[in-house]
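S.K.: No sequence on hand, only this structure:
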């Protein structure tokens with residue numbers, strides 16, 4: 001049994017607030033949240049991963065769509081049911097909640113799944129699908145909605161009633177206040193006649209918890225995750241990773257500085273990856289995984305390194321695929337679409353945006369393969385260096401997110417020592433939204449390069 005709560009459109013600056021406890025067998029292996037890049041036309045998304053079946057129980061995609069699943073008992077038996085976590089991943093390929101709803105209903109009616117509940121939510125709309133012995137779907141109104149393994153907002157669900165009572169008692173006055181209370185509520189044991197929110201059993205119980213906020217601006221969003229029982233495990237802050245995911249999507253423009261849920265400046269430079277690296281290192285230590293399995297050492301700088309005796313230029317050819325179009329409407333709304341895109345191209349770097357795409361504004365993906373250099377010594381350091389102008393973006397090496405591109409820092413350096421395979425795939429997602437009459441250059445201003453520093457300590 002999992003518990004999922006959604007405060008939908010309860011606060012104007014943060015229309016989606018989530019609290020979730022995941023219950024599972026303690027022995028079932030799980031990976032902490034990470035970014036899964038676009039691949040084959042699918043949307044990039046962020047979430048934890050079940051290492052047994054490969055699915056997820058809670059994810060957020062680049063368009064701000066949240067998909068969550070809880071199990072639900074049914075009377076029917078299926079010989080080889082499909083993973084409900086994989087269905088959750090499939091729904092994260094959608095651009096909005098309405099599309100996800102259509103796909104969910106189609107899948108549940110035609111494929112073999114055991115019972116489940118699905119929550120599909122984004123800033124403008126939210127839906128619940130209850131797939132027990134019958135399939136029901138309903139739009140969600142503004143307010144707090146709670147579900148475990150029975151009906152949505154079931155009055156006889158003691159855990160849901162406990163969570164609702166706790167929120168009503170404190171009556172949060174802001175999204176930030178709501179998140180603080182959600183972390184406390186996730187930990188609650190049974191008290192008197194009140195049911196436990198955090199479950200503890202002999203071989204299964206609450207194995208993780210998440211508190212997520214999706215604000216009107218990407219930097220108002222938060223992703224907190226406890227990789228164990230929230231009674232004994234602190235919440236790690238994965239928000240910088242969420243910012244990177246939303247920064248290259250159809251989300252509203254970012255403020256010039258990171259802001260908290262109340263809109264106040266955090267005083268951390270935009271694009272700073274130290275928080276991301278520290279958070280990932282902490283999570284990796286807890287999970288027994290190397291931090292390099294998730295994110296390599298990325299550094300954003302205003303100038304290239306002084307001592308780089310050897311550079312291998314990755315001029316091309318690069319395959320370039322436009323992936324989404326952005327248009328500003330007269331009413332001030334920014335609209336994203338996947339139609340009327342420029343054709344695919346094969347290019348060599350450097351590549352100026354206007355020369356490749358003209359007045360097109362939106363997101364594009366640069367992709368190429370390469371082999372590792374053969375002249376790297378055992379003490380040499382190997383870095384990937386990328387230079388860009390006026391663009392935001394994300395960098396993936398062999399389908400693993402390794403760093404962000406920020407227009408304030410024209411150079412990005414990623415330590416890839418010991419990370420390369422015989423065949424490697426480098427993907428750079430870029431977003432450029434300046435008006436066509438902008439005089440600022442944009443694009444990948446110099447060839448990407450592998451830099452070798454000999455005898456690094």
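M.R.: Nice, thanks for sending it over. Bear in mind that the values here come from a model prediction, so they are computed numbers and not experimental data.
S.K.: Find the residue ranges of the stretch 151-300 of the chain scoring beneath the pLDDT cut-off.
M.R.: 247-300 (pLDDT under 70).
S.K.: so where do the strands sit in it?
M.R.: Listed in chain order, the strands of the stretch 151-300 of the chain (DSSP state E, counting those that start in this stretch) span 204-214, 222-226, 236-237, 297-301.
S.K.: all strands for the stretch 301-450 of the chain, in order.
M.R.: Going by DSSP E, counting those that start in this stretch, the stretch 301-450 of the chain shows strands at 310-314, 318-328, 334-337, 345-347, 351-352, 362-370, 381-387, 392-397, 400-405, 411-415, 424-432, 443-444, 448-453.
S.K.: Stretch 401-421: which residues count as buried?
M.R.: 401-407, 409-417, 419-420 (16 or more other C-beta atoms under 10 Å). For glycine as for every other residue, the C-beta is placed from the backbone atoms N, C-alpha and C.
S.K.: how much space is there between residue 91 and residue 16?
M.R.: 15 Å (C-beta to C-beta, to the nearest Å).
S.K.: Residues in contact with stretch 200-211: which ones?
M.R.: For stretch 200-211, the external contacting residues (C-beta atoms under 8 Å, 6 or more residues apart in numbering) are 18-28, 30, 48, 58, 179, 182-183, 186-187, 189, 198-199, 222-231, 235.
S.K.: Is it possible to mark the buried ones in those residues?
M.R.: 18-24, 30, 48, 58, 179, 182-183, 186-187, 198-199, 222-231, 235.
S.K.: Next, the contact list for the residue lying closest to residue 427 once chain neighbours are set aside, please.
M.R.: In space, and not counting its chain neighbours, residue 427 is closest to residue 396: 4.2 Å by C-beta to C-beta, 6 or more residues apart in numbering. Residue 396 is in contact with 37, 402, 426-429, counting by C-beta under 8 Å, 6+ apart.
S.K.: Name the residues linked to residue 396 by a beta bridge.
M.R.: residue 401, residue 427 (DSSP bridges).
S.K.: before we move on, the earlier item: distance to residue 138 for the strands of the stretch 151-300 of the chain - can I get that in JSON lines?
M.R.: JSON lines is the format used below for the strands of the stretch 151-300 of the chain (distance: least, C-beta to C-beta, whole Å):
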{"stretch": "strand 204-214", "distance to residue 138": "21"}
{"stretch": "strand 222-226", "distance to residue 138": "27"}
{"stretch": "strand 236-237", "distance to residue 138": "33"}
{"stretch": "strand 297-301", "distance to residue 138": "43"}
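S.K.: Go through those strands and name the closest to residue 162.
M.R.: strand 204-214 (13.6 Å; C-beta to C-beta).
S.K.: How far away from the center of its chain is the closest one?
M.R.: 15 Å (C-alpha atoms, centre = their mean, to the nearest Å).
S.K.: Can you pull the phi/psi pair for residue 145?
M.R.: Dihedral pair for residue 145: phi -120, psi 140, per degrees, to the nearest 10.
S.K.: what do you get for the one 3 residues further on?
M.R.: Comment: the main-chain dihedrals of residue 148 come out as phi -120, psi -110, following degrees, to the nearest 10.
S.K.: How many residues are close by it?
M.R.: Using other C-beta atoms under 10 Å, the number of residues around residue 148 comes to 23.
S.K.: you'd agree it is up against residue 160?
M.R.: Yes - the pair residue 148 / residue 160 is scored as a contact, 6.3 Å apart, by C-beta atoms under 8 Å.
S.K.: tell me, what's touching these two both at once?
M.R.: 3, 154.
S.K.: Which of the contacts of residue 396 scores worst on pLDDT?
M.R.: Least confident entry in these, by pLDDT: residue 402, with 81.
S.K.: how much space is there between it and residue 185?
M.R.: 35 Å.
S.K.: likewise residue 358?
M.R.: For residue 358, the distance to residue 185 - C-beta to C-beta - is 52 Å.
S.K.: which one of those two has more residues nearby?
M.R.: Neighbours per residue (other C-beta under 10 Å) separate residue 358 from residue 185, with residue 185 holding more: 24 against 10.
S.K.: and the more buried one, what is it in contact with?
M.R.: Residue 185 touches 19, 163, 166-167, 197, counting by C-beta under 8 Å, 6+ apart.
S.K.: check contacts around the closest residue in space to it that isn't next to it in sequence.
M.R.: Spatial nearest neighbour of residue 185, chain neighbours left out: residue 166 (4.9 Å); criterion: C-beta to C-beta, 6+ apart. By C-beta under 8 Å, 6+ apart, residue 166 lies in contact with 181, 184-185, 188.
S.K.: Pull the contacting residues for residue 92.
M.R.: Contacts of residue 92 by C-beta under 8 Å, 6+ apart are 43, 45, 47, 56, 59-61, 65, 67, 100.
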